[in-house]
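> Fold the following.
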Amino acid sequence: MTTRRRFLAISAAAFALPAAAKSQQVYTWSGMALGARATIRLAHADAPAITARAAAEIERLEDVFSLYRRNSALSRLNQNGALGAPPFELLECLSLAGAVHQATGGLFDPTVQPLWAVYAEAAVQSQTPDAQKIDAAMAMTGWEGMSLEADRISLRPGMALTLNGIAQGYIADRIAGLLEGEGLQDILIDTGEFRAIGQQPQGGAWPVSLAQGGGVALTSRALATSAPLGTFFDPAGTLGHILDPRTGLTAAPRWRGISISSGSAALADGLSTAACLMETREQIEASLVTFRDSRLESAVST
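Model (predicted):
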């Protein structure tokens, strides 16, 4: 399977500080978050210690959301079909996922994990997924098959969840909350999706250029981008990683990329994922109406 492509890039000009601002040199921490390259940029005398605390929080959240750690909360839920005393972060992220699921008419659906497993297995064997296996996996999907309570999460037999379409944004929000709680500002967090706290240390918005063209100036906002062929299952690059819960098929490549900016990276992440399955710009804009208080904006590239 081809590794996820990067669809956002920080403009190099963002870090060319004027001579008067040399004392505000930007420090960059680099690491990983749910399989994506992660960075935190800030100008502070204690930057290494600050980012070390943030990195520790990312590591802790990996133990909640990772599908590749057998003992993560999400993995245990999928393995056992139920999870008692679930972590607050898992409950909160699933509640956000439910809101995005409703706002997108069910297009955002974390219960597609059984479908994803079918495609991934076929990719390992260099094959196209079998139609019967897709149908069988479809029978194990459906948001209504999950019970979400404060003290227990339960899944219908055979179900499994993936939060890869929202958890990276959620982690960015959590790191932002951690750093803001320490009174810090003028920081750019990238966990696969962007979250800006304030602006650049030397002044001005953080300029983010989009691989599909154009750019976004971020000040105290988040930005998420998804693309139907951002990651794909086949060598030809025709079977993308975003799966349609209505059909079990991969998203049609009608968009090169969809970027959504919001006050919440989690919401932007989930909505941009679902938008890849939408047919028109009007449909995308309609899905944002529910979250207008989050100052959502979209940018679509065909």
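
> okay, now the residue nearest to Q168 when sequence neighbours are not counted: neighbour count?
Closest residue to Q168 apart from its sequence neighbours, by CB to CB, 6 or more residues apart in numbering: G192 at 3.7 Å. (Glycine included, C-beta is placed from N, CA and C.) A total of 25 residues lie near G192 under the criterion other CB atoms under 10 Å.

> ditto for Q132
For Q132, using other CB under 10 Å, the count is 9.

> all strands in this protein, in order from the N-terminus.
8-10, 27-33, 36-42, 82-84, 146-149, 152-155, 187-190, 194-197, 206-210, 215-218, 222-226, 257-262, 297-301 (DSSP state E).

> export the ones you listed to JSON lines and tack on mean neighbour count and distance to A167?
Shown next, in JSON lines, are the strands of the chain (neighbours: other CB atoms under 10 Å; distance: least, CB to CB, whole Å):
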{"stretch": "strand 8-10", "mean neighbour count": "17", "distance to A167": "17"}
{"stretch": "strand 27-33", "mean neighbour count": "16", "distance to A167": "9"}
{"stretch": "strand 36-42", "mean neighbour count": "20", "distance to A167": "10"}
{"stretch": "strand 82-84", "mean neighbour count": "15", "distance to A167": "16"}
{"stretch": "strand 146-149", "mean neighbour count": "14", "distance to A167": "16"}
{"stretch": "strand 152-155", "mean neighbour count": "17", "distance to A167": "15"}
{"stretch": "strand 187-190", "mean neighbour count": "27", "distance to A167": "14"}
{"stretch": "strand 194-197", "mean neighbour count": "26", "distance to A167": "13"}
{"stretch": "strand 206-210", "mean neighbour count": "20", "distance to A167": "21"}
{"stretch": "strand 215-218", "mean neighbour count": "18", "distance to A167": "20"}
{"stretch": "strand 222-226", "mean neighbour count": "28", "distance to A167": "12"}
{"stretch": "strand 257-262", "mean neighbour count": "26", "distance to A167": "16"}
{"stretch": "strand 297-301", "mean neighbour count": "17", "distance to A167": "21"}
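
> Now render the ones you listed as a markdown table, adding mean pLDDT.
Below are these laid out as a markdown table (pLDDT from 0 to 100):
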| stretch | mean pLDDT |
| --- | --- |
| strand 8-10 | 46 |
| strand 27-33 | 97 |
| strand 36-42 | 97 |
| strand 82-84 | 98 |
| strand 146-149 | 98 |
| strand 152-155 | 98 |
| strand 187-190 | 98 |
| strand 194-197 | 98 |
| strand 206-210 | 90 |
| strand 215-218 | 92 |
| strand 222-226 | 95 |
| strand 257-262 | 92 |
| strand 297-301 | 57 |
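
> and those as CSV, adding distance to G270?
Formatted as CSV, these follow (distance: least, CB to CB, whole Å):
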stretch, distance to G270
strand 8-10, 16
strand 27-33, 16
strand 36-42, 16
strand 82-84, 21
strand 146-149, 16
strand 152-155, 18
strand 187-190, 17
strand 194-197, 14
strand 206-210, 19
strand 215-218, 18
strand 222-226, 8
strand 257-262, 9
strand 297-301, 13
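
> Just tell me which of those strands ends up closest to P110.
strand 146-149 (8.5 Å; CB to CB).

> Pull up the pairing partners for that closest one, direction included.
Applying DSSP bridges to the sheet, strand 146-149 is found paired with strand 152-155 (antiparallel).

> could you measure Q185 against W29, distance?
Distance, Q185 to W29, by CB to CB, to the nearest Å: 17 Å.

> wait, I meant Q199
Distance from Q199 to W29, by CB to CB: 19 Å.

> give me the low-pLDDT residue ranges for the stretch 151-300 of the chain?
292-300 (pLDDT under 70).

> The same query, at a cut-off of 80, please.
Applying pLDDT under 80 to the stretch 151-300 of the chain flags the ranges 211-212, 290, 292-300.

> which stretches of it form helices?
167-181, 265-275, 281-287 (DSSP state H, counting those that start in this stretch).

> how about L42, what does it touch?
For L42, the contact set (CB atoms under 8 Å, 6 or more residues apart in numbering) comprises 26-27, 50-51, 184, 186-188, 201.

> circling back: tell me which of the strands of the chain lies nearest to Q125.
strand 36-42 (25.8 Å).
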